[in-house]
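build me a structure from this.
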Amino acid sequence: MKAIIRLTCAAAALATLAACEDAAAPSVGTPYEGGIPFGTYTVVGFGKEAVPTRDGRITLRSGTLSGNGPCNGFTAVNAATLPAIQITSMNWTDEVCRHKGFEDRFFQALTQAQSAQWQGGVLKIIGPTYITLERTGD
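Presented below is the predicted three-dimensional model:
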């Protein structure tokens, strides 16, 4: 009887782990550059701060970054090859925003970014301030 209960518990644990598989992991065939998968990422940390609203996004493509802060969108040119980052130009909209303080710091951190690191399903954009992101799409 104990063996059946243990077997049932083990099966339930495996099913739970399978359900928790990283749905945002890069799919087979996802293009990479310098070990960094292209795609869309959501900001979950900014420096030592958590970002519980998760309303900042970055989409990485070859030579470009684009996305949005809480209120405004942006596009940027990355003149370096990932994992290096060298933003040579960045443009953004300028809508009135009650999150303007965070958004200004977020955009400034992007313009000062120096590199990207992909590890354990988490992307970090590193510069004077680092940005932690979770992958949310291709």
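
the chain: strands as residue ranges?
Along the chain, counting by DSSP state E, strands occupy 32-33, 36-37, 39-46, 49-50, 57-61, 64-68, 73-78, 87-92, 115-119, 122-126, 131-137.

so for residue 108, which of the ones you listed sits nearest?
Nearest of the strands of the chain to residue 108, taken as C-beta to C-beta: strand 87-92 at 9.6 Å. Glycine gets a C-beta too; all of them are placed from N, C-alpha and C.

check which helices and strands the closest one sits against.
In terms of contacts (3 or more C-beta pairs under 8 Å, 6 or more residues apart in numbering; DSSP states H and E), strand 87-92 is packed against strand 73-78, helix 100-111.

to residue 40, which of these lies closest?
In this view, those are compared for proximity to residue 40 by C-beta to C-beta, and strand 73-78 is the closest at 13.1 Å.

CA-only coordinates of the closest one in PDB, if you can.
The C-alpha atoms that make up strand 73-78 are tabulated as PDB, following Å, rounded to 0.1, in the frame of the first residue of the first chain:
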ATOM      1  CA  GLY A  73       7.300  53.200 -26.800                       C
ATOM      2  CA  PHE A  74      11.000  53.200 -28.000                       C
ATOM      3  CA  THR A  75      13.300  52.000 -30.700                       C
ATOM      4  CA  ALA A  76      17.000  51.800 -30.500                       C
ATOM      5  CA  VAL A  77      20.000  50.900 -32.700                       C
ATOM      6  CA  ASN A  78      22.500  48.500 -31.200                       C
END
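
report the buried residues of that strand.
Taking 16 or more other C-beta atoms under 10 Å as the neighbour-count basis, strand 73-78 is seen to contain the buried residues 74, 76, 78.

okay, the residues you listed in JSON lines with distance to residue 133 and pLDDT next?
What follows is the buried residues of strand 73-78, written out as JSON lines (distance: C-beta to C-beta, whole Å; pLDDT from 0 to 100):
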{"residue": "74", "distance to residue 133": "15", "pLDDT": "98"}
{"residue": "76", "distance to residue 133": "15", "pLDDT": "98"}
{"residue": "78", "distance to residue 133": "15", "pLDDT": "98"}
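
if anything else comes up later, I'll come back, but that's it for now.
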